[in-house]
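Trainee: how would this look folded up:
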Amino acid sequence: MFRWLTDQYPTINRRLSEGLREDRKVDSLYLDMNGIIHPCTHGNSDSYVELNETEMFKKIFMYTDRLYKLAKPRKLLYLAVDGVAPRAKMNQQRSRRFRNSKDSEELMAAVVAREGKLPDSKQFDSNCITPGTDFMLKLSLAMNKWIEYKIQTDPFWKDGATVVFSGPDVPGEGEHKVMDYIRWGQENDPDWDKDGGLQHVLYGLDADLIMLGLVSHEPKFMLLREKMSVVMAGRGKGRNRNRKPKNMLEYGREDFELLELSILREMFDLQFRKFGKRDADTSALNFKIDTDRVIDDFIFFCMLVGNDFLPHCPHLSIDSGALSLMLKIYTDSLQKMGGYLTKGEKIHPERFQFFIDQIMQHEKSYFESRAVEEGDKKWARDDYDEYYYSNKLEISPSDPDAASKRRQIARDYMEGLHWVLNYYHHGCRSWDWYFPHLYSPLATDLFGLSEFYDEVDEEGFGSFKFQKGTPFPSLVQLLSVLPPQSAKLLPKTYAELMLKDESPIADFYPKEFSTDANGKRQPWEAVVKIPFIAGDRLLDTVGLLKEEDLSEAEKRRNLPGKEHTYVPSSGK
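Mentor: Numbering: from 1, shown residues only. The predicted structure follows:
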């Protein structure tokens, strides 16, 4: 996403060393801390490290301090660590951790085969960077003490911005905690829009941050990240496997770049302004262009190439030019649709149907190309759709319920698009919802969309009803996302649920599993074929455990926390 945007709109990207204009001085700096924690603890790999916890924490603190002093926010420094995520995200976390553990085992086997033994240095399990582990509890406690120390002893911090720390014991993904904070400010801070609005800077390596920054509709929003020669080719949360060999603690202003979302907004405005309503121009739209609505639609159709919550439509990927294709289709279709695809978290089913119908025309040619690449002629048949559902979703064309099963997957997918829109616009609407399939439906099955909706408003925009639910306790979340190889990160009684064959949930933790490239080129993009966690079964099983079997420290790891606010002596 980052590479595509900067290629499409090169003026939005520049080096931090070029400086900030006076009207771009930073008011609020938000750090997605997991993008710092990962490279400061294990860098480019999950293999063998020499650092101990104290050294890791020191490195995290030093890099946080460096970013703070580079950006120089005048009002706020917000430090957000990932807490327990919604179930929709946990499935992605679970897949990634299972795959990484399998990769790590293969790495160890290769080392033994080559060296005859394992290195003397300790293997670092990056899965400890998950809410509820002893490592994250220690880091959270140390982080709070360090912030207090800096505000008392460092003149820059003492006279600096208010600091808010949201640790791993506060539910929610780090970047979404940031967005919750921004939404709260928009609704409750009377000075929020004063003097043209605050200048926000969000640090992080996740492409998702671009979407979140845009959907905030803040007029002054920039993303800060390390400069990279290539797009990162796989990561844990926010990790860059292609980080330059230069010590990250030596990074200076020349090693960072800014993505100016305010300029990107201007680019969208210029691109679509020509379609504005002009009475003398019969080719113009019959409605006024609203750049915010265009941006919301762009964010929406970008979801079709996949995200952390939904699999991508098979024939749509960034690498194959899907974003350029969809942007062109959207531009060409806007007049014919007669309005926007979305309204906040709602989707207009008839307009989206028209949009999907244009995309669908490219589906068959994709599978014909895939047949050549994979040497599987079945993808080139006219009934490629039946082969897809049989091969990927185990729905045989001879199954009398095949049509209804395919219809259900399409409905689940549409519901998922609404869940993600809600998540981006308003925060988590349901902690329990998730897409219960490893693969998306084909575009050809996204028809009759109006039939899926719980409600349709007077303008024709549909919505689904979601049950709010509650976040999993931290230790239950660990059982949901960790593979058996990381059982040591759990309390003993919890680990036994994962490791013992007689455990009522032993089937959640397969020792062997396969992956499916599914048309992708990179191993980390493969579908990990492991079972979904059944939440009710998991909670019922954990409910049988005895609380007294946990140590006081383990009990503490399972408790929800709250944000901590630190106001420096300057009282900013």
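
Trainee: Residue 564 touches residue 170, doesn't it?
Mentor: No. In this structure, residue 564 is not within contact of residue 170 by Cβ atoms under 8 Å, at 9.4 Å. Any C-beta I mention is one placed from the backbone N, CA and C, and that applies to glycine too.

Trainee: With neighbour numbers in mind, choose between the two.
Mentor: The neighbour comparison of residue 564 against residue 170 (other Cβ atoms under 10 Å) goes to residue 170, with 22 against 17.

Trainee: Tell me the secondary structure at the residue lying closest to that one once chain neighbours are set aside.
Mentor: Once flanking residues are discounted, residue 170 sits nearest to residue 83: 4.7 Å by Cβ to Cβ, 6 or more residues apart in numbering. At residue 83, secondary structure determined by DSSP: H, G, I helix; E, B strand; the rest coil is coil.

Trainee: Count residues in the vicinity of residue 83, would you?
Mentor: 24.

Trainee: Report the separation between it and residue 502.
Mentor: 32 Å (Cβ to Cβ, to the nearest Å).

Trainee: before we move on, what about residue 270?
Mentor: Residue 270 is 65 Å from residue 502, by Cβ to Cβ.

Trainee: likewise residue 551?
Mentor: To residue 502, residue 551 is 24 Å away according to Cβ to Cβ.

Trainee: Comparing the two, which residue is more hemmed in?
Mentor: Using other Cβ under 10 Å as the criterion, residue 551 and residue 502 rank with residue 551 on top: 11 against 6.

Trainee: Can you tell me the closest non-neighbouring residue to the more buried one?
Mentor: residue 491 is the one closest to residue 551 (Cβ to Cβ, 6+ apart), at 7.5 Å.

Trainee: With residue 462 instead?
Mentor: The shortest distance from residue 462 to any non-neighbouring residue, by Cβ to Cβ, 6+ apart, is to residue 453 (3.6 Å).

Trainee: May I have the phi/psi pair for the one you found?
Mentor: When read as degrees, to the nearest 10, the backbone of residue 453 gives phi -80, psi 140.

Trainee: cool, and residue 222?
Mentor: For residue 222, the backbone dihedrals (degrees, to the nearest 10) come out as phi -130, psi 150.

Trainee: Can you list the residue ranges for helices in the stretch 151-300 of the chain?
Mentor: With helices called from DSSP state H, counting those that start in this stretch, the stretch 151-300 of the chain shows them at 155-158, 174-188, 208-215, 261-273, 291-302.

Trainee: List the residues that contact residue 256.
Mentor: Shown in contact with residue 256 (Cβ atoms under 8 Å, 6 or more residues apart in numbering): 15-17, 70, 224-227.

Trainee: What is the nearest of those residues to residue 404?
Mentor: residue 225 (45.7 Å; Cβ to Cβ).

Trainee: where's the residue lying closest to the closest one once chain neighbours are set aside relative to residue 100, distance?
Mentor: Nearest non-adjacent residue to residue 225, counting by Cβ to Cβ, 6+ apart: residue 205, 5.7 Å away. The gap separating residue 205 from residue 100 is 17 Å, by Cβ to Cβ.

Trainee: Which one's more surrounded, those two?
Mentor: Using other Cβ under 10 Å, the more surrounded residue of residue 205 and residue 100 is residue 205, with 24 against 21.

Trainee: Quick check: the more buried one touching residue 35?
Mentor: Yes. The criterion here is Cβ under 8 Å, and residue 205 meets it with residue 35 at 4.8 Å.

Trainee: Residues contacting stretch 185-197, please?
Mentor: Stretch 185-197 is contacted by residues 23, 198, 216, 218-220 when judged by Cβ under 8 Å, 6+ apart.

Trainee: Apply 7 Å and report the result again.
Mentor: 198, 218-220 (Cβ atoms under 7 Å, 6 or more residues apart in numbering).

Trainee: export those to a markdown table and tack on distance to residue 141?
Mentor: Converted to a markdown table, the contacts of stretch 185-197 look like this (distance: Cβ to Cβ, whole Å):
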| residue | distance to residue 141 |
| --- | --- |
| 198 | 31 |
| 218 | 33 |
| 219 | 38 |
| 220 | 35 |
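
Trainee: Next, the contact list for residue 133, please.
Mentor: Taking Cβ under 7 Å, 6+ apart as the test, what residue 133 contacts is 478, 489.

Trainee: Need the phi and psi values for it.
Mentor: When read as degrees, to the nearest 10, the backbone of residue 133 gives phi -90, psi 160.

Trainee: that older thread, hmm, residue 465 and the residue nearest to residue 462 touching each other?
Mentor: No. Using Cβ atoms under 7 Å as the test, residue 453 is too far from residue 465 to be in contact (9.8 Å).

Trainee: Just the endpoints, please. Distance across stretch 524-543?
Mentor: End-to-end distance of stretch 524-543 (Cα to Cα, to the nearest Å): 35 Å.

Trainee: Quick check: buried residues in that stretch?
Mentor: Within stretch 524-543, the residues scored as buried using 16 or more other Cβ atoms under 10 Å are 525-528, 530, 532-533, 535, 538, 541-542.

Trainee: how about the strands of this structure, start to end?
Mentor: 13-15, 28-32, 76-80, 162-166, 200-203, 221-226, 256-260, 342-343, 346-347, 455-456, 462-463, 514-516, 527-529, 564-566 (DSSP state E).

Trainee: I'd like these laid out as TSV, including distance to residue 394.
Mentor: Listed next are the strands of the chain as TSV, based on distance: least, Cβ to Cβ, whole Å:
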stretch	distance to residue 394
strand 13-15	44
strand 28-32	37
strand 76-80	39
strand 162-166	41
strand 200-203	41
strand 221-226	41
strand 256-260	41
strand 342-343	33
strand 346-347	29
strand 455-456	33
strand 462-463	29
strand 514-516	12
strand 527-529	11
strand 564-566	48
